[in-house]
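> here you go, sequence then predicted model.
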Amino acid sequence: MTDQTMQFQAEVAKLLHIVTHSLYSEKEIFLRELISNASDACDKLRYAALTQGDLLAEDSELRVRIVPDAKAGTLTISDNGIGMNRDDLVENLGTIARSGTEAFSRQLEEAAKAAQAAGKQADDKGKAGTKSTEAGQLIGQFGVGFYSAFMVADKVTVTSRKAGDAQGWRWESEGTGSYTIGEAEDLPRGTSIQLHIAKAQKEFLEPTRLRTVIKTYSDHISLPVILVDPAKGEEEEGREEQVNAAGALWTRPKSEIGEEQYREFYHHVGRAFDDPWLTVHAHVEGKLDFTLLLFVPSRRPFDLFDPDRRHGVKLFVRRVFITDDCEGLVPPWLRFLRGVVDSADLPLNVSREMLQNNPLVAKIRSTLQKRVLRELERKAEKEPDAYAEFWDSFGPVLKEGLYEDREARDSLLKLARFQSSEHDGLISLADYVAGMKEGQEAIYTISGESLEALRRSPQLEGFRAKGVDVLLLTDAVDDFWQNSVPDFDGKPFRSITRGNADLGAIKGKTADAAGEDEAKAEKVEGAALGTLIAALKQSLGEAVKDVRETDRLTDSAVCLVAGDADLDMHLARMLKQHQRLDEAPARILEINPGHPLIRRLADRAGEAGGAEALEDAAHLLLDQARILEGESLPDPAAFARRLTAVMTQGVA
């Protein structure tokens, strides 16, 4: 079979262009990425061999070998792991098979441009080279570390034979728009990646430089990483040197592990370029015996909101890798976690299907989430500013647990933080309850698309006038958990866009007595108010569920609210946008009896023929309320016609 030339997926081609033409300050990370890939390949083979013992027969000592060849200008990273066939090479090296690829490429390109600009502004001391660039962080965030090889190589050749197959394959590319793939003969099991090192990167052919990089980034790899000196003969002493410690980091006592080692293990297991925000390392003994080493990222993983909601925790059994996709090991609302769980109780030959319903896995999951939540509580208490940054990134995911997981609900409510109408920054529910006004019986909330829009909402006016705090909810998940969580500390959650405001019983800010009397005297009351409401109802008909006065408004003339038994307005709007709701229920139009416009309309309603005269005004009030809610008008032409007519009368 002759070699076949194939085009990269468009997103891969763009990614490779950015990698090869952008500024990177720590090019040595390519070696960490390729060693991590090799280690994973060996882990996968070890697991497959549990049920197919002959896979290890030809070479049972799993390892990674690094061979620099200064004469040939090549650096070869090889492993004797699971290997790849033709389809694996095309899928793993020619495409990025995950959602959000286009957005990722766009984000990466912007970051690369920013990195180049920063590099031009760096001083002569090389400050730009002290940290990985944003573009480099994004590559690791997306999990495509193989392509980092093109930071130092102008051509990459991959040869591989999959365990159990007789046929080997060869993949080659110069990192442009295409690659070639074809058959290769007489290959050992595993994968070999040969980098044709670019002239400007010859330092990565020096054994001393490679030794330093391996010790820095890959010392924790649990199988031997061998550095080969090709200048020495096959039998010559010192030709092969094991550079790393080759021990499972999580099995060592915490006192023997430094922050740098934890950080590099996180980079390896999480395929990440950022630093861990929180490290949880514990050995659990008793009815269960397992070790967990978990990390909370400092940056939001790129696929955090992927519909599959997969976590990043690998399961080991007595140091043998089992799977990185154990569905019941980590709750979906903790899917941002990265790390390992190593169990001494699960059987080595357990299948992934059996794991889903294994009671031991369920117990590990329960203990794991309790440990993580406990550490998050400590962090929130001791470092509130740092915790606020964490919440900005991962709060929306944790809030999924409020309606999915009753067991964790109380802990998650304590951890939850919110923006509010009366505070700058985030506030906890405990602090909210502690600051409730006399006579206030509920925790008030309002949901919407953005903080800016919510702060301008007319429904807030009466609450703001009394100094009553309202939680401002802008995450999509907020509309769902409120219906599942009855209360916090005995105080029910209540949306201010549903039902009556009922502000009369709350003693808020102290007002001047004369001012209160004057405002009361200016309000439309009694028969005049009843006549106006009746006229508005007659004009609007089924377009509204009801018309009533309210004390929730101070500056605006009208607003819309949902009935007590109806869906919250923002939820109904969102469901309709996603075609999960055919038609939103009719709303209640609330009017402010103290507003000058409402007073004038009440006077008009009391005149002969007033109801007919208010026809256009009634619909304009309703459309005004819709606009304030950020909704589109059902009949823009009718709105324009009525507005023109009213303006014409006003200027006549």
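Noted; the coordinates are in hand. Numbering: from 1, shown residues only.
> hmm, residue 268 is touching residue 218, no?
Yes: taking CB atoms under 8 Å as the definition, residue 268 is a contact partner of residue 218 at 7.1 Å. The C-beta positions use only the backbone N, C-alpha and C, and glycine is treated the same way.
> strands of the stretch 251-400 of the chain, residue ranges please.
276-284, 290-297, 312-317, 320-323, 338-343 (DSSP state E, counting those that start in this stretch).
> can I get those in TSV with distance to residue 615, mean pLDDT and mean neighbour count?
Output for the strands of the stretch 251-400 of the chain, formatted as TSV (distance: least, CB to CB, whole Å; pLDDT from 0 to 100; neighbours: other CB atoms under 10 Å):
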stretch	distance to residue 615	mean pLDDT	mean neighbour count
strand 276-284	60	96	18
strand 290-297	59	96	24
strand 312-317	61	91	23
strand 320-323	68	81	20
strand 338-343	63	95	24
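> would a markdown table of these with distance to residue 33 be doable?
Below are the strands of the stretch 251-400 of the chain laid out as a markdown table (distance: least, CB to CB, whole Å):
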| stretch | distance to residue 33 |
| --- | --- |
| strand 276-284 | 18 |
| strand 290-297 | 17 |
| strand 312-317 | 16 |
| strand 320-323 | 18 |
| strand 338-343 | 15 |
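> out of those strands, flag the one nearest residue 208.
Within the strands of the stretch 251-400 of the chain, the stretch nearest residue 208 is strand 276-284; the backing value is 29.3 Å (CB to CB).
> strand 290-297 and that closest one, what's the angle between them?
Angle between the axes of strand 276-284 and strand 290-297 is 170 degrees (criterion: axes from the mean of the first three to the mean of the last three CA atoms, to 10 degrees).
> could I get the full set of strands for the stretch 451-600 of the chain?
Secondary structure of the stretch 451-600 of the chain (DSSP E, counting those that start in this stretch): strands located at 471-473, 487-488, 491-495, 544-549, 558-561, 587-591.
> any idea how far stretch 627-634 is from the middle of the chain?
Remark: stretch 627-634 is offset 30 Å from the chain centroid, using CA atoms, centre = their mean, to the nearest Å.
> contacts made by it with the rest, please.
Identification of contacts with stretch 627-634 by CB atoms under 8 Å, 6 or more residues apart in numbering yields 448-449, 453, 457-458, 556, 559-560, 569, 573, 623, 626, 639.
> now with 10 Å?
Outside stretch 627-634, the residues that touch it by CB atoms under 10 Å, 6 or more residues apart in numbering are 448-450, 453, 456-459, 497, 543, 556-561, 569-570, 573, 576, 584, 587, 622-626, 639-640.
> and that stretch, what's buried?
Using 16 or more other CB atoms under 10 Å as the burial criterion, the residues of stretch 627-634 that qualify are 628-629, 631.
> would you format those residues as CSV with secondary structure, distance to residue 214 and pLDDT included?
Putting these into CSV (DSSP: H, G, I helix; E, B strand; the rest coil; distance: CB to CB, whole Å; pLDDT from 0 to 100) gives the following:
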residue, secondary structure, distance to residue 214, pLDDT
628, helix, 62, 89
629, coil, 60, 87
631, coil, 60, 86
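> with distance to residue 9 added, can I get those residues in TSV?
Written out in TSV, the entries for the buried residues of stretch 627-634 read as follows (distance: CB to CB, whole Å):
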residue	distance to residue 9
628	46
629	42
631	40
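> shouldn't residue 38 be within a helix?
Yes: secondary structure of residue 38, determined by DSSP: H, G, I helix; E, B strand; the rest coil: located in a helix.
> verify the contact between it and residue 191 for me.
Yes: with contacts defined as CB atoms under 10 Å, residue 38 counts as touching residue 191 at a distance of 7.1 Å.
> with just CA atoms, put the helix or strand that contains residue 179 into CSV.
Secondary-structure element containing residue 179, defined by DSSP states H and E: strand 178-184. The C-alpha coordinates for strand 178-184 follow below in CSV (Å, rounded to 0.1, in the frame of the first residue of the first chain):
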residue,chain,number,x,y,z
SER,A,178,-1.2,18.0,5.3
TYR,A,179,0.4,14.8,6.4
THR,A,180,1.3,11.5,4.9
ILE,A,181,0.4,8.0,6.2
GLY,A,182,1.4,4.6,5.0
GLU,A,183,2.4,1.1,6.1
ALA,A,184,5.7,0.4,8.0
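> packing partners of the next helix or strand after that strand?
Using DSSP H and E, the next helix or strand after strand 178-184 towards the C-terminus is strand 190-197. Using 3 or more CB pairs under 10 Å, 6 or more residues apart in numbering; DSSP states H and E as the contact definition, the elements that strand 190-197 packs against are helix 29-48, strand 64-69, strand 74-79, helix 86-94, strand 153-161, strand 168-173.
> among the ones you listed, which is nearest residue 539?
Taking CB to CB as the measure, the helices and strands packed on strand 190-197 were each checked against residue 539, and helix 86-94 came out nearest at 63.6 Å.
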